[in-house]
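> Have a look at this prediction, sequence included:
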Amino acid sequence: MDPSRISLRRFQLSDVDDFLKWASDDKVTRYLRWNTITSREEALSYLEKVAIPQPYRRSICLDDRSIGYFSIKPEAGDDKCRAHLGYAVSSEYWGQGIATAALKMAVSSVFKEFPGLVRLEAFVEVENQGSQKVLEKVGFLKEGLLRKYGFCKGEIRDMIVYSFLSTDIIK
Ligand SMILES: CC(C)(COP(=O)(O)OP(=O)(O)OC[C@H]1O[C@@H](n2cnc3c(N)ncnc32)[C@H](O)[C@@H]1OP(=O)(O)O)[C@@H](O)C(=O)NCCC(=O)NCCS
C-alpha cells in the first residue's frame with residue numbers, strides 16, 4: 001500500500017455511502033463501543049450527530065474515500081493530560097498496513113493539536129491480536145492486563161492497556 005494514498009480528514013455528510021459500507025460490518029464493530037450501523041438513515045444521523053461534531057474524530061481515507069476512522073477523546077478537567085483512542089479499518093483492507101500508517105500520522109499531530117496532552121491510551125481486548133500488533137508497531141507500550149475492565153457488546157471484558165507519551169518516539 002502506497003502511504004501517500006492514505007489520509008486523515010474530518011467526516012462529511014457526503015461520506016455516508018462509504019461510511020455505511022464499513023460501519024455496517026459486524027467484523028469491524030465487534031470490538032468497538034458503538035453498534036453496527038444498519039441503514040443509510042442511521043449512518044447519516046451518526047455522521048451528523050456523532051462523527052462530525054466530535055473535535056477529533058477523523059475519517060481514515062484511501063484516495064480520499066472513507067475506509068475507517070480514528071478518534072481521540074481527551075478526559076475532562078485536570079485529567080485532560082490523558083486521551084483515549086479508538087480506530088477501525090474496513091475489513092476489505094485489513095492486513096495492508098493502513099491502520100498502522102493512519103495511527104502514525106495521527107499520533108505525530110495529536111500532541112500539537114491538544115495542548116497539555118501527555119498520554120494517549122488504548123484498551124484492547126485480549127483476543128484482538130490485530131489491534132495489539134498495530135499499537136506495538138506504532139510504538140505504544142503494553143502496560144498490563146486490566147481484569148474485567150471494559151463493557152463491550154453486552155459483556156464485561158479483560159482489557160490490555162497500552163500507552164504512548166508525548167515524549168515517546170514513533171517507530
Ligand atoms: C485492528 C485493525 C484496526 C487493524 O487494521 P489493519 O489495517 O489490518 O492493520 P495493519 O495492516 O496496519 O496491521 C498491522 C499488523 O497487525 C497484523 N494484523 C492485522 N490484523 C491481524 C489479526 N486479526 N491477527 C493477527 N495479526 C493481525 C498485520 O499482519 C500487521 O503485522 P505485520 O506488519 O507484521 O504483517 C482492524 O483489524 C480493525 O479495524 N479491527 C476491528 C476494529 C478494532 O478492533 N479496533 C481497535 C479497537 S481497540
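The structure has been received and is ready for your questions. Numbering: from 1, shown residues only.

> Check which helix or strand the residue of the chain found nearest the ligand maps to.
Relative to the ligand, the nearest point of the chain is G130 (2.6 Å; Cβ to the nearest ligand atom). Placement of C-beta: from N, CA and C, glycine included. For G130, the element it lies in under DSSP states H and E is helix 129-138.

> which helices and strands does that helix pack with?
Counting contacts by 3 or more Cβ pairs under 8 Å, 6 or more residues apart in numbering; DSSP states H and E, helix 129-138 packs against helix 98-113, strand 119-125, strand 141-152, strand 155-165.

> now these as CSV including mean neighbour count and distance to R40?
Below are the helices and strands packed on helix 129-138 laid out as CSV (neighbours: other Cβ atoms under 10 Å; distance: least, Cβ to Cβ, whole Å):
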stretch, mean neighbour count, distance to R40
helix 98-113, 19, 24
strand 119-125, 20, 29
strand 141-152, 12, 25
strand 155-165, 17, 29
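
> follow-up on the earlier one: please identify the buried residues of the helix holding G130?
Across helix 129-138, burial judged by 16 or more other Cβ atoms under 10 Å covers S131, Q132, V134, L135, K137, V138.

> Quick one: closest of the helices and strands packed on helix 129-138 to I72.
helix 98-113 (5.7 Å; Cβ to Cβ).

> Does the closest one reach the ligand?
Yes. Contact of helix 98-113 with the ligand (Cβ under 6 Å from any ligand atom) involves I98, A99, T100.

> any residues touching that helix, and which ones?
Around helix 98-113, the neighbours that count as contacts under Cβ atoms under 8 Å, 6 or more residues apart in numbering are 1, 3, 6-8, 56, 58, 60, 62, 67-68, 70, 72, 83, 85, 87, 89, 117-118, 120, 130-131, 134-135, 137-139, 164, 166, 170.

> And these, which of them are buried?
Buried among the contacts of helix 98-113 by 16+ other Cβ under 10 Å: 6-8, 56, 58, 60, 62, 67-68, 70, 72, 83, 85, 87, 89, 117, 120, 131, 134-135, 137-139, 164.

> now the end-to-end length of stretch 67-84.
Using Cα to Cα, to the nearest Å, one end of stretch 67-84 lies 21 Å from the other.

> distance between it and the chain's centre?
In terms of Cα atoms, centre = their mean, to the nearest Å, the centre of stretch 67-84 is found 10 Å from the chain centre.
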